[in-house]
Every structure is written in structure tokens, then in C-alpha cells.
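> only geometry, no sequence info:
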Ligand SMILES: Cc1cc2nc3c(=O)[nH]c(=O)nc-3n(C[C@H](O)[C@H](O)[C@H](O)COP(=O)(O)OP(=O)(O)OC[C@H]3O[C@@H](n4cnc5c(N)ncnc54)[C@H](O)[C@@H]3O)c2cc1C
């Protein structure tokens, strides 16, 4: 039996057959639902079911028990068993744009550290510039059918995007971009993707990054500064060693000019004169904020780091509705079988 899936109180709804996931049914009806891997791995389509029941096709490791108890499900895994009302919030500011395929040209590459490359890509100038919510990401489409996800590291401009790409010894796309791609070469990406963006909430906000997980956090904070958003923000940035905090000076500049922004760098291996926190980033957050009731938390970075911060933040009383994250799974995990 087909059921109706309502998008909050917006008046919008779509029909979902029992053999369709909520994501497939919504996309087929032309609704721009957030999603990424569509295979139960990345969590980009995580959504709260306000009323009605849905059953997930197979267990996933993305949602915690606390999130399930609060009614969260992955749209790419859930099937409707009754009429459903989804928690649906139109994003603050710009409405979310529908993903599309964009051509772009390599404009500039710059090493930010020994293994993080800043890449600027030029977009075609047209009637409709590429628009996205700071925090979202894009998927590069490779000639061999593979995809690689990278977060947009700066708020929208009319014709360029910025990325922070970690170059690993066996990372195919990263090494190609760093070592082989000629200047001004063309690439293609699909975007914007994902549901990670700063929500409209006045509550004090923690922004927790691991490694290049700083990229979407940077886009969010720069956008908040541009919009004169005055909510208290505390940036935690975790890395192995101080050299890996590749834009540390920029974050310090934010704190120098904006009293509502705080910064705690966290490193696992530190020199004697280190003044930041020592250890893992989720432990530093717990040490500063043993009680997270009343806060919002945004986390992005390696999957293990995101899993740890989710678990510890929920344990510290953070409400799941105010927990937002992007887990930087490697492509072979997000797109099994990807070349
Ligand atoms: C939503 C999202 C946003 C992201 N944003 C960013 C970002 O802003 N910056 C960033 O640097 N990364 C980001 N990532 C992570 C990035 O997309 C992946 O790490 C991607 O795989 C890198 O592509 P690559 O071709 O350079 O490396 P890949 O060739 O995909 O390899 C990545 C790593 O996996 C290992 N590997 C490859 N294949 C296998 C296999 N079959 N089994 C085991 N290990 C394997 C490699 O040795 C290497 O260490 C994001 C990921 C997601 C899901």
C-alpha cells in the first residue's frame, strides 16, 4: 500500500510505495531531499520522523541508539509503513539548491601543510551561479565512473569554489590533483550535496573539526561572520600535531576580531611549549563542556573521530536534534566498488 510522506508543516508531501525507500520516493516526486552515498553509510539523509512508522531495510552503523530513540532514520534505508510526517526545516537563509552536474576549471593549488592542498576551481559564469549552503559538499565525477567527495571550504561566491584536499600516499584522486592535473584543466562535479549546514538556532554552538574536517566548519564560520550571526561559537580543531592545524592563524584571527568566537586547538603529539589541549578532540570537548544540554554541536572529519564525538556529546546531554555531522568516509567505503 502506498503511503503519504509529509514534509513537516510545509504542506508538501509525496507518495511512497512499500518497496521504495523514502529517499527514492521523494527524489522521484521531485523533492530536493538531502542525501549523499544513498547506501546507508554517510548519514547525509538522516532525518527525524515526527509521526508515523518506517522500517529500515538493514541495520546501519551511522545512527546511535540515542538518535534512533529520538526518532531519527536514514531516508535512503527507510520504507514507509504508515503515513509519515518528517521533521522538516527549510534551511536558514538561502534555500537548499538542487544538485546538478557542473564543469569547473583548475584555477589555483597551494600547499597549506605537508599533506593538505588548497584547491580553487573556477566555475562557468552564467545566469544561475552555483549556490550551496556553507557546510555542504560536492562529488567529483571521475572518467572511470568513480566519485570523490570534498566539502566546500568557503561560502558561495559568483565563480570560484575552495576545497581542502588531504593527499594520502595511495589516494588516487588526491595524488592526481596534486601531481598530474595540468593548470586550467577541466573537471566535473555534482553538487551541492549533504545536509550539513548551520541551523537557525540561538543556542551556543560547538564546531568540532578533525583534520580537513575543518573545511566545512570554515565555510560555516566565515558565512556566519558575513551575516553578523552573533551566536557564541567555540571551534575545536583536532590533529595529530600542531603543523597539521593548517589554518590555525586564520582561526586565531577570527577570535581576535569576534568576541563571540572561541578556539581550542587539540593535538595528540605536542611540543613542550604547547598551550592548546593535549589528546583527542572529543575528550577536550567533554573537559570544557561536561554538560551539553542547551548547546548545538557540529562535527566533521574522520569517521572514528565523528563517532567518538557523537557518543560523548550525547552522553553529556546534547539533544540529538542539535547534533549535526559529516563523516569523511573514504570513497571505497561510501561507494563500495568505486574505482
Ligand atoms: C561528505 C564527505 C566530505 C568529505 N570532505 C572531504 C574534504 O573536504 N577534504 C578531504 O580531504 N576529504 C574529504 N572527504 C574524504 C574523501 O572524500 C575520501 O578520503 C576520498 O576517498 C579521497 O579520495 P582519494 O582518491 O584521494 O583517495 P582514495 O583513493 O579514495 O583512498 C583514500 C584512502 O583509502 C585507502 N583505500 C583506497 N581503497 C581502499 C580499499 N579498497 N580498502 C582499504 N583502503 C583503501 C587509500 O589507501 C587511502 O588511504 C569527504 C568525504 C565525505 C563522505
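Here it is on my side, so go on. Remember, predicted model here, so these are calculated numbers, not experimental data. Numbers count the residues shown, from 1 in each chain.
> The ligand contacts on the stretch 51-200 of the chain?
137, 148-151, 164-166, 168, 170-174, 194 (C-beta under 6 Å from any ligand atom). Every C-beta, even on glycine, is put in place using the N, C-alpha and C of the backbone.
> Apply the buried test to those and list what passes.
By neighbour count, with 16 or more other C-beta atoms under 10 Å, those hold 137, 148, 149, 150, 151, 164, 165, 166, 171, 173, 174, 194 as buried.
> helices or strands next to the strand or helix carrying the second one in the packing?
Secondary-structure assignment from DSSP states H and E places residue 148 in strand 147-151. Using 3 or more C-beta pairs under 8 Å, 6 or more residues apart in numbering; DSSP states H and E, the elements in contact with strand 147-151 are strand 137-141, strand 160-166, helix 214-226, helix 331-334.
> CSV for those, including mean pLDDT?
CSV is the format used below for the helices and strands packed on strand 147-151 (pLDDT from 0 to 100):
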stretch, mean pLDDT
strand 137-141, 94
strand 160-166, 98
helix 214-226, 98
helix 331-334, 76
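> List the contacts of the residue in the stretch 1-150 of the chain that the ligand sits nearest to.
Proximity of the stretch 1-150 of the chain to the ligand (C-beta to the nearest ligand atom) peaks at residue 149, 3.6 Å away. Taking C-beta atoms under 8 Å, 6 or more residues apart in numbering as the criterion, residue 149 is in contact with 36, 42, 137, 138, 139, 140, 193, 328, 331, 334.
> did I read that right, residue 27 in a helix?
Yes: read with DSSP: H, G, I helix; E, B strand; the rest coil, residue 27 is one of the residues of a helix.
> so what's it closest to, chain neighbours aside?
residue 33 (6.2 Å; C-beta to C-beta, 6 or more residues apart in numbering).
> If you count neighbours, what's buried in stretch 13-30?
Buried, per 16+ other C-beta under 10 Å, within stretch 13-30: 13, 14, 16, 20, 21, 22, 23, 24, 25, 26, 27.
> pLDDT at the residue lying closest to the first one once chain neighbours are set aside, what is it?
Spelled out, that is residue 13. Leaving aside its chain neighbours, residue 13 sits nearest to residue 6 (4.4 Å; criterion: C-beta to C-beta, 6+ apart). Looking at residue 6, its pLDDT is 94.
> No more questions from me, cheers.
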